[in-house]
Every structure is written in C-alpha cells, then in structure tokens.
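Enquirer: What follows is a predicted structure for the sequence shown.
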Amino acid sequence: MSRKVILDKEYRDWIGELSNRYQSAQIKAAIAVNSEMLRFYWELGHDIVAMQTENKYGSKFFETLSRDLKAAIPEAKGFSSRNLQAIKKFYIMYSKILPQAVAESSLSNPPQPAADFFRVPWGHHRLLIDKYFDQPQTALFYIENTVKHGWSRSILDHMIETGIHLRQGKAISNFKALLPEATSELTQEITKDPYIFDFVNFSGPYKERELKEALLKNITKFLLELGEGFAFVGQEYKLNVGQTEQFTDLLFYNLKLRCYVVIELKVVKFEPGFLGQLGMYVTAVNHLLKTEQDNPTIGLLVCKTKDNVLAQYSLEGYNLPIGVSQYQLEKILPENFKSTLPSIDEIEAELSN
C-alpha cells in the first residue's frame, strides 16, 4: 500500500516542533520522576534516623528492611541493603545544611539549592555520598555544577578525581582591577590552578611544542579540562603585526565570555618577562580578530610552576586582563588525603605491637 507524503513546509515545521516539544516533555517527566524518587529517599532516610532503627531492631535491620520492602513493593527497585544504607547517609549528610530548602522543595518553584539538589540523578548522589559524606558543602558544589554543566556520572567522577573544587577560579589574575565586576567574576571562574593534564604521558624531559602537540592530540580531554564554553581556534595561530609574523601558542574563543582567549604554555617556572610576550599577543588579537560584538581578549599564561606573590606583583604592571596558572601532569591528591596517611610514629607503634 502506497504511503502519502505531505511536503507542505508548514506541516513539516509543525512535525519538527512536535518532536521538540515531545523530547522536552520527556526530559521534564524524567526530572519530575527523579525528583519524586529523591524526595521519597529523603523521607525514608529521615524515618530510619528518627526511629533509631538499628538500635531498636538490631544490626541486621537493613537486610530485614530490604527483604520486607521488596515483598511489599515487588515492582520497585533500589531497596537493596546497600542502597538503603546509602539512603540513610543521604539524609544525614545534608539534613544539617539543607533542612529549610528541602522542606520547601515540594513548591512549584523551589529555592536554590533545593532545585538543583533534586535534579541530580541518584547515581550522582551515591558517588558524592561515597566521596564527601563528611563534606556536604563540597558535595553541594558538585551538585550545582552538575546541573549547570550537564555532567554525566563519568564526567562528575573525573571532576572529583581531579579536585575541581580546589582549583576552579584559582588563577592569579588582574581581572578584578581591569574588568567590570560581573565580567571579572565570570572570567575568574573559568580559570583553574593548577590545570591537570593527566592524559599526557611523558617519560622524560619534554619541550613546549611537544606538550602542545600532546594536548591537541587529546583535544576532547583538553577542552574538558579548560571548562565549558571553550572553542578551539588554532595552534601557532599567525598574527601579522607590522612587518612581522607572530604566532600564539594556542588560541581559543570562549562562548560564555564572548571573547578570544590566548593561552601561552611554558614548561618552566614563571618569569615576569613571559607576560610581555603574552600581552603583545592579546593586543594583536584585539586589533586583528576582535569585532565590535566581542569582549576584550583574555590572556592566560600556564607555566610548569610559579611563585604566586611574584606573579601577582608582575600582573599589577599590566593593563591587559591576564591570568597566571600552573599545570600538573598527574592528578592532585584529594583535600583530606594527607590526613588519612599514618604518621611515622603510628607506623612504628603498629610494627612494635
């Protein structure tokens, strides 16, 4: 049987609009289902804590509760003993810092951070519970950024492993002095210190060109480390300045800031003289590439190491917005890692016993 095909443009546009509306409705429905499930988990965690269940019903309580819930609600998932223990931690972890926000979260327009809190999937929460049970404020940082940037669970795990909450917005810069307040805060936020290039493998000494080439071979991971909004423009980007040809290390455009970002890499310790070269590139990009719709170009100098005081003093002599960071080729240690290691005295005491 032949099939009638309608080619009318208005009709086809309508079909496209219906498709978009349906997908939007699916996303909203998924968020709503997730929010209701998290609210149920929150209330269940409250009940477990309030009833002092383990004291009242013994050490095997979670196994018993798991069995009875599965029998009472056979179609439901998420009632394993391990997940029930995570639900208890979920409530304990946030109850002291989010009571009011969570209590109001049933409203159609819940306040922040409750709105973000109930949008994050349970798998993300489980990861944060395991990592930051004793640091709920840090977990809230990751919740906010998960919603803001649409992080998957694997990306969230990567951000946690690289300690993004310790690095974001930490570059030494003169943004506050040179840029409008709102712009300077957003510009500072897109920086990191240090940058983690753990996807680059060097077994021995390396040169700047080799580092740049290694970063660009892993451009997806490099862009992820730079952060949201960065679009790659070019490597060794040629700028015709007077009678000369100048070449930037790496040139990006940031869609959030709506400006070019010139990145210079140095595989040595920071020196004040590096700023002069970067400043020239920033000025050249402003003259040659920047349009009326673009904001002023930003410079970012990324060195192997730096002296923060020297970098800050050096930046005060420049009237161009520049940030200075350093990089590492390995992931940094978690914030509380050192405190978890036994001391020499503790090791000796254990051996003597």
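Expert: Looks like it arrived, so ask away. Numbers count the residues shown, from 1 in each chain.

Enquirer: Quick one: end-to-end length of stretch 163-180, please.
Expert: One end of stretch 163-180 sits 29 Å from the other (CA to CA, to the nearest Å).

Enquirer: cool, stretch 44-60 as well?
Expert: For stretch 44-60, the first-to-last residue distance is 17 Å (CA to CA).

Enquirer: for stretch 137-151, which positions count as buried?
Expert: 138-147, 151 (16 or more other CB atoms under 10 Å). (Each C-beta comes from the backbone N, C-alpha and C, glycine too.)

Enquirer: Reformat the residues you listed as CSV; add secondary structure, pLDDT and distance to residue 58.
Expert: Listed next are the buried residues of stretch 137-151 as CSV, based on DSSP: H, G, I helix; E, B strand; the rest coil; pLDDT from 0 to 100; distance: CB to CB, whole Å:
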residue, secondary structure, pLDDT, distance to residue 58
138, helix, 94, 34
139, helix, 94, 30
140, helix, 92, 34
141, helix, 93, 37
142, helix, 95, 35
143, helix, 93, 34
144, helix, 91, 39
145, helix, 91, 40
146, helix, 91, 37
147, helix, 88, 39
151, coil, 89, 40
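
Enquirer: all strands of this structure, in order?
Expert: Assigned by DSSP state E, the strands in the chain fall at 172-173, 195-196, 230-241, 244-254, 259-269, 298-305, 322-328.

Enquirer: Helices along the stretch 101-250 of the chain, start to end?
Expert: Applying DSSP state H, counting those that start in this stretch to the stretch 101-250 of the chain gives helices spanning 114-117, 122-132, 136-149, 153-161, 164-167, 175-178, 181-189, 208-217, 219-226.

Enquirer: Pipe these into JSON lines and attach distance to residue 35 per row.
Expert: Shown next, in JSON lines, are the helices of the stretch 101-250 of the chain (distance: least, CB to CB, whole Å):
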{"stretch": "helix 114-117", "distance to residue 35": "9"}
{"stretch": "helix 122-132", "distance to residue 35": "11"}
{"stretch": "helix 136-149", "distance to residue 35": "12"}
{"stretch": "helix 153-161", "distance to residue 35": "18"}
{"stretch": "helix 164-167", "distance to residue 35": "24"}
{"stretch": "helix 175-178", "distance to residue 35": "37"}
{"stretch": "helix 181-189", "distance to residue 35": "27"}
{"stretch": "helix 208-217", "distance to residue 35": "39"}
{"stretch": "helix 219-226", "distance to residue 35": "28"}
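
Enquirer: Relative to residue 271, which of these is closest?
Expert: helix 208-217 (13.7 Å; CB to CB).

Enquirer: tell me the angle that closest one makes with strand 244-254.
Expert: Here helix 208-217 runs at an angle of 30 degrees relative to strand 244-254 (axes from the mean of the first three to the mean of the last three CA atoms, to 10 degrees).

Enquirer: quick one: contacts of helix 208-217?
Expert: Here helix 208-217 makes contact (CB atoms under 8 Å, 6 or more residues apart in numbering) with 197, 200-202, 206, 222, 232, 235, 249-250, 265-267.

Enquirer: Take it, keep the C-alpha atoms, and write them as PDB.
Expert: Output of helix 208-217 as PDB, limited to C-alpha atoms (Å, rounded to 0.1, in the frame of the first residue of the first chain):
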ATOM      1  CA  GLU A 208      56.800  23.300  24.800                       C
ATOM      2  CA  ARG A 209      56.000  22.100  21.300                       C
ATOM      3  CA  GLU A 210      55.700  18.500  22.400                       C
ATOM      4  CA  LEU A 211      53.400  19.500  25.300                       C
ATOM      5  CA  LYS A 212      51.100  21.500  22.900                       C
ATOM      6  CA  GLU A 213      51.000  18.600  20.400                       C
ATOM      7  CA  ALA A 214      50.200  16.100  23.200                       C
ATOM      8  CA  LEU A 215      47.300  18.400  24.400                       C
ATOM      9  CA  LEU A 216      45.900  18.800  20.900                       C
ATOM     10  CA  LYS A 217      46.100  15.000  20.300                       C
END
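
Enquirer: Please point out which parts of that helix sit buried.
Expert: Neighbour counts using 16+ other CB under 10 Å place 211-212, 214-215 of helix 208-217 among the buried residues.

Enquirer: Max pairwise distance over those residues: which two?
Expert: 212 and 214 (7.3 Å).

Enquirer: Name the stretch among the strands of the chain that sits most buried.
Expert: strand 172-173 (a mean of 25; mean count of other CB atoms under 10 Å).

Enquirer: What is that strand packed up against?
Expert: Counting by 3 or more CB pairs under 8 Å, 6 or more residues apart in numbering; DSSP states H and E, the packing neighbours recorded for strand 172-173 are helix 308-315, strand 322-328.

Enquirer: ok, and what's touching the longest one?
Expert: Here helix 308-315 makes contact (CB under 8 Å, 6+ apart) with 172-174, 270, 272, 275, 322, 324.

Enquirer: which one of those residues is nearest residue 42?
Expert: Once CB to CB is applied, the member of the contacts of helix 308-315 that ends up nearest residue 42 is residue 173, at 40.0 Å.

Enquirer: The closest one contacts residue 324, doesn't it?
Expert: Yes: using CB atoms under 8 Å as the test, residue 173 is close enough to residue 324 to be in contact (7.0 Å).
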